[in-house]
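Novice: Provide a 3D model corresponding to the input given below.
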Amino acid sequence: MAERAMPLDFFQSIECQIALGKALTRLGRLQEAVAVFRQAVKGCETCIRRRPEEWAMAKADLGMALAMLAEKESDTARGDEALAIVRDALSAPISSRNSIVWAKLQTSLGYALTWPSEKALRPQALTAAIPRLFENSASPPC
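Specialist: Okay, the predicted model is just below:
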């Protein structure tokens, strides 16, 4: 007799969506990854007060996938959206004990900030990013 899969709880479902989005990103299936990450972010928005780190990470993953898609398609609108999403993720009340989440958010911000300068020939975006990245690299919350 075949085993029946146990139903996933709400948070396991979101974690599965994030894992799927990451797999799709690694395979270069960026449009699909963006759609999956958008679903995960939407699910996380209902629980942001209880699990802000998951919401922030899902937003960062969405931002990274959008930035990669923008780079591939030379689409400044997607690059701008990626930057806005990652900046929004930084507004999450991340615990000072969770330096891994903090570091991932900073990395995502750095990537999103460098994209416009490379693709849209806007060096001011990269110039503006450098002080922020130096500031954040020197003061992790741990």
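Novice: in the protein, which spans are helices?
Specialist: Remark: helices assigned in the chain by DSSP state H are 10-26, 30-45, 52-73, 76-89, 99-119, 123-138.
Novice: Put together a markdown table for those helices, with mean neighbour count and mean pLDDT on each row.
Specialist: (Each C-beta comes from the backbone N, C-alpha and C, glycine too.) Below are the helices of the chain laid out as a markdown table (neighbours: other CB atoms under 10 Å; pLDDT from 0 to 100):
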| stretch | mean neighbour count | mean pLDDT |
| --- | --- | --- |
| helix 10-26 | 16 | 86 |
| helix 30-45 | 20 | 91 |
| helix 52-73 | 23 | 87 |
| helix 76-89 | 20 | 86 |
| helix 99-119 | 19 | 69 |
| helix 123-138 | 13 | 60 |
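Novice: How about the contacts made by residue 44?
Specialist: By CB atoms under 8 Å, 6 or more residues apart in numbering, the residues touching residue 44 are 14, 51, 54-55, 58-59.
Novice: Leaving out chain neighbours, which residue sits closest to residue 72?
Specialist: Among residues not flanking residue 72 along the chain, residue 30 sits closest, at 6.6 Å (CB to CB, 6 or more residues apart in numbering).
Novice: separation between the one you found and residue 92?
Specialist: From residue 30 across to residue 92, the span is 24 Å (CB to CB, to the nearest Å).
Novice: Skipping adjacent residues, who's closest to residue 24 in space?
Specialist: Nearest non-adjacent residue to residue 24, counting by CB to CB, 6+ apart: residue 33, 3.8 Å away.
Novice: This completes my enquiry, with thanks.
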